[in-house]
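Chemist: Could you look at this predicted model? Sequence included:
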Amino acid sequence: MMTALLAAFTSPIHIGTDWVSMLWMFPLLAAIAIVYKTTKMRVLFWRRFIREVLILFATLSGFMFAAIVVLNLVTWLATS
């Protein structure tokens, strides 16, 4: 069992670069937003917590989308 678990780390899962594969970033961004706001807020008020998590999630998603567009544009310009 332990060798199978260790062997899983030697062969990473292939995630493509098409638009469907890019959707896997949203659960990661949601987890980052939740953990960050949980550690930064001194007192958790649920409405404020959810609002701040959603704002941070939207901000992170916007910047990630902008980075994807810019990097794809640079790659397209460099290879054409």
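Modeler: Perfect, thanks for sending it.

Chemist: List the residues that contact Ile34.
Modeler: Residues in contact with Ile34, defined by Cβ atoms under 8 Å, 6 or more residues apart in numbering, are Val53. From N, CA and C alone the C-beta is placed, and that goes for glycine too.

Chemist: Show me what the mean pLDDT comes to for the one helix or strand it maps to.
Modeler: Ile34 belongs to helix 25-40 when assigned by DSSP states H and E. Here helix 25-40 scores 94 as its mean pLDDT.

Chemist: And stretch 62-76, by the same measure?
Modeler: Rounded mean pLDDT across stretch 62-76 is 92.

Chemist: just to revisit the earlier point, quick one: distance of the helix holding Ile34 to the chain centre.
Modeler: 9 Å (Cα atoms, centre = their mean, to the nearest Å).

Chemist: How much space separates His14 from Trp24?
Modeler: Distance, His14 to Trp24, by Cβ to Cβ, to the nearest Å: 12 Å.

Chemist: Compare the two and say which is more crowded by neighbours.
Modeler: Ranked by neighbour count (other Cβ atoms under 10 Å), His14 and Trp24 place Trp24 first, with 11 against 6.

Chemist: This completes my enquiry, with thanks.
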